[in-house]
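1. structure for the following, please:
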Amino acid sequence: MSLHFRYTLVGSPHSVVPLGGRFVRPRPFIPVSLLGPAGTLLTNGLLDIGADDTVFPEAVAVRIGVDLTNAPSGVGEGVGLNSLPLRYAEVTLRIADNQEQREWRGWVAFTPAPLRRPLLGFAGFLQFFTATFHGDREEVDLTVNSLYPGN
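-> Modelled structure (predicted):
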């Protein structure tokens, strides 16, 4: 089975010419929970096939009780090619639609840089799914693949 998510329509202050003049842009935001030693946080993340890592704000790590003091570190680059400091931790992630739920352990990057939304990138998230984007329906299906480590 696949998990099925409809795109979220995000308002635009101007008409979006390539989308026929609509005043919204469809975005593949999906609800995702991060589970840590001190609790769980549910938020909406952006499925981003261009993101190398799954990235959340450092404040999320603090809120769920993940200690980043001695965490492995790295650097990421955003769209503007600005470097972002990253610290990595293995956490439990959970997603669900109206039919099923998936939960697994994965490596997530945390950054002090401001993020509009968490990025659900390849490492830690998309590596475990086959994602089918239906542009005509503004929907996405996620099907676990052979790398999926969860239940």
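
2. spatially, which residue comes closest to residue 5, not counting chain neighbours?
-> Nearest non-adjacent residue to residue 5, counting by C-beta to C-beta, 6 or more residues apart in numbering: residue 30, 4.7 Å away. Glycine gets a C-beta too; all of them are placed from N, C-alpha and C.

3. now the strands for this structure?
-> 3-6, 8-16, 22-27, 29-36, 39-47, 55-57, 73-77, 83-96, 101-111, 119-120, 129-134, 139-144 (DSSP state E).

4. out of the ones you listed, which is closest to residue 150?
-> With C-beta to C-beta as the criterion, residue 150 lies closest to strand 101-111 of the strands of the chain, at 2.9 Å.

5. for the closest one, packing partners?
-> strand 55-57, helix 58-64, strand 73-77, strand 83-96 (3 or more C-beta pairs under 8 Å, 6 or more residues apart in numbering; DSSP states H and E).

6. tell me the angle of it relative to strand 29-36?
-> 80 degrees (axes from the mean of the first three to the mean of the last three C-alpha atoms, to 10 degrees).

7. starting at the chain centroid, how far to strand 101-111?
-> 9 Å (C-alpha atoms, centre = their mean, to the nearest Å).

8. give me the sheet partners of it and which way each runs.
-> With DSSP bridges as the test, strand 101-111 is paired with strand 55-57 (parallel), strand 83-96 (antiparallel).

9. make a markdown table out of the ones you listed and add mean pLDDT and distance to residue 117.
-> Listed next are these as a markdown table, based on pLDDT from 0 to 100; distance: least, C-beta to C-beta, whole Å:
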| stretch | mean pLDDT | distance to residue 117 |
| --- | --- | --- |
| strand 55-57 | 97 | 10 |
| strand 83-96 | 95 | 15 |
